[in-house]
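Asks: Pasting a predicted model and its sequence here:
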Amino acid sequence: MNIVWIEDFGGTQPLPANSKTLIPLFQGLLSREIFINKWDDDDDLLANTNLLSDFFNEHSTHKILLLRNVFDYLDHVENRDTASHDIYIIDINLTQGADLQRALPDGMEGIENPAFHRKAGFFIYNHLIRLGVPVEHICLLTGEQGSTIEFNAHCRDSLTPRPIAFEKSDSGYTAFRGWLNGHQANDYLALRRAVIEGCYFLKEIIKSDEFAIQFRVFIRPEQGKPSRDVTLEEMCDYLDTLRQFLPETRPTEVAGTNRIYRLFVRALAHEWESQADPEYPRNQPNYGGADRRLLPTLGWIMKNVRNWMSHNNAINNLDARNVAFLFIVNMRAMFRWDVAPARFEKQALALLTTGDARAILST
């Protein structure tokens with residue numbers, strides 16, 4: 001998961017760099033032992049919010065972006081790609097550290113600056129809803145009991161359904177972790193994130209090195225037909241299509257999810273049309289090494305998937321594990337990169353594993 005956490009560390013929070021602040025919230029994503037043994041309590045998140053992102057990049061397949069106030073949020077989402085993040089955790093009172101001299105967002109004219117920041121979390125919540133983020137992917141963190149009462153009254157007086165919210169207390173943190181763990185266990189969300197991260201990753205690789213487009217070695221010229229040219233633009237468009245294919249919200253019915261998976265795999269395998277020959281790499285003398293043996297195997301898998309999806313119902317009943325496997329196979333066949341396994345592959349492989357294997361992949 002990619003998480004946005006908007007928190008100013010005001011009120012009665014422990015010191016913002018202290019692992020005691022992080023463990024109650026995120027011990028479901030990383031073990032307590034990693035926080036205790038690897039997090040440096042002398043570091044100051046207020047001075048450098050990137051410390052948390054770097055920590056998760058090193059120790060987890062999950063990502064956390066820490067923002068401190070409404071202006072951090074607006075500056076970050078100004079050119080926001082809706083596929084960038086999965087979950088949003090928002091503190092309501094974001095007064096600490098906010099620039100009180102900066103003009104408030106459009107539509108907030110006439111509100112006193114300090115009063116706005118005391119309830120800025122509501123503004124961010126509504127802004128995300130307008131951007132199309134599913135309500136079940138957003139939660140608010142309220143203060144102690146007084147703030148909770150004010151929060152409930154605000155929702156009632158504005159005729160607004162109460163958003164998902166948790167109090168900053170021991171019982172509230174327990175409930176919050178249950179909510180977060182539910183998203184972590186969501187196989188559709190995990191698959192979607194792996195696909196998005198993989199497409200971002202591979203697009204950057206081929207833009208810097210066109211020779212990373214490995215799919216070209218599968219294209220066999222056909223007599224009497226012009227040879228197919230696999231261009232950089234075509235492959236970038238292909239990756240962009242896959243990246244945007246899976247919607248943010250999972251269909252409520254199993255049949256709906258199954259239909260999306262079938263359509264996604266059809267789009268994934270579409271490039272393996274008639275001129276794509278799994279055996280052709282063996283016939284190219286300048287292409288050798290271990291890939292000479294592996295590539296035909298990967299190619300045959302995708303060629304068969306393409307044929308089966310086009311001509312019969314052999315693999316109509318797909319789940320997230322099937323799709324994750326085919327996504328890895330296809331990307332390894334079509335593109336070449338040095339990192340093994342890449343971050344997106346760890347995310348996808350986690351859908352195929354349990355227990356100790358998943359723990360290894362998450363480190």
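Replies: Done, it's in.
Asks: Run through the stretch 151-300 of the chain and note the low-pLDDT ranges.
Replies: For the stretch 151-300 of the chain, the stretches flagged by pLDDT under 70 are 223-227, 282-292.
Asks: which residues in the stretch 101-250 of the chain form strands?
Replies: 138-142, 165-167 (DSSP state E, counting those that start in this stretch).
Asks: CSV for the ones you listed, including mean neighbour count and distance to G256?
Replies: To be clear about C-beta, it is placed using only N, CA and C from the backbone, and glycine gets the same treatment. Supplementary listing: these in CSV, determined by neighbours: other C-beta atoms under 10 Å; distance: least, C-beta to C-beta, whole Å:
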stretch, mean neighbour count, distance to G256
strand 138-142, 21, 22
strand 165-167, 21, 29
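Asks: I'd like those strands laid out as JSON lines, including distance to I149.
Replies: Shown next, in JSON lines, are the strands of the stretch 101-250 of the chain (distance: least, C-beta to C-beta, whole Å):
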{"stretch": "strand 138-142", "distance to I149": "9"}
{"stretch": "strand 165-167", "distance to I149": "11"}
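Asks: Quick one, which of those gets closest to P278.
Replies: Ranking these by proximity to P278 (C-beta to C-beta) places strand 138-142 first, at 44.9 Å.
Asks: which strands and helices sit next to the closest one?
Replies: Where contact means 3 or more C-beta pairs under 8 Å, 6 or more residues apart in numbering; DSSP states H and E, strand 138-142 is packed against strand 87-91, helix 120-131, helix 145-157, strand 165-167, helix 170-184.
Asks: and if we set it to 6 Å?
Replies: strand 87-91, strand 165-167 (3 or more C-beta pairs under 6 Å, 6 or more residues apart in numbering; DSSP states H and E).
Asks: Which neighbours in the sheet does that strand have, and how are they oriented?
Replies: Applying DSSP bridges, strand 138-142 is found paired with strand 87-91 (parallel), strand 165-167 (parallel).
Asks: Run the angle between it and helix 120-131 for me.
Replies: 170 degrees (axes from the mean of the first three to the mean of the last three C-alpha atoms, to 10 degrees).
Asks: In PDB, list the C-alpha atoms belonging to strand 138-142.
Replies: Written as PDB, here are the backbone C-alpha positions of strand 138-142 (Å, rounded to 0.1, in the frame of the first residue of the first chain):
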ATOM      1  CA  ILE A 138      -9.900   7.700   4.100                       C
ATOM      2  CA  CYS A 139      -9.900   7.900   7.800                       C
ATOM      3  CA  LEU A 140      -9.700  10.800  10.300                       C
ATOM      4  CA  LEU A 141      -7.700  10.700  13.600                       C
ATOM      5  CA  THR A 142      -9.500  12.800  16.200                       C
END
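Asks: Please identify which of the strands of the stretch 101-250 of the chain is closest to A269.
Replies: Smallest distance to A269 across those (C-beta to C-beta): 34.7 Å, for strand 138-142.
Asks: what's in contact with that closest one?
Replies: 88-92, 121, 128, 148, 151, 163-168 (C-beta atoms under 6 Å, 6 or more residues apart in numbering).
Asks: If we use 7 Å, what do you get?
Replies: Strand 138-142 is contacted by residues 88-92, 121, 125, 128, 148, 151, 163-168, 176, 179 when judged by C-beta atoms under 7 Å, 6 or more residues apart in numbering.
Asks: Restrict those residues to the buried ones and give me that as a PyMOL selection.
Replies: Buried residues within those, by 16 or more other C-beta atoms under 10 Å, are selected in PyMOL with:
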select buried, resi 88+89+90+91+92+121+125+128+148+151+163+165+166+167+168+176+179
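Asks: how far out from the middle of the chain is stretch 320-337?
Replies: Remark: stretch 320-337 is offset 17 Å from the chain centroid, using C-alpha atoms, centre = their mean, to the nearest Å.
Asks: wait, which of the helices and strands packed on strand 138-142 is closest to V254?
Replies: strand 87-91 (23.2 Å).
Asks: ok, back up a step: of the helices and strands packed on strand 138-142, which is nearest A212?
Replies: strand 87-91 (31.4 Å).
Asks: and the angle for the closest one with helix 170-184?
Replies: Relative orientation of strand 87-91 and helix 170-184, computed by the same axes, to 10 degrees: 160 degrees.
Asks: still on that earlier bit, now the strands paired with strand 138-142 as TSV including distance to R243?
Replies: Shown next, in TSV, are the strands paired with strand 138-142 (distance: least, C-beta to C-beta, whole Å):
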stretch	distance to R243
strand 87-91	19
strand 165-167	31
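Asks: nearest to L51, of those strands?
Replies: Closest among those, using C-beta to C-beta: strand 87-91, at 17.2 Å.
Asks: Quick check: L52 vs G172, distance?
Replies: In this view, L52 and G172 are 20 Å apart by C-beta to C-beta, to the nearest Å.
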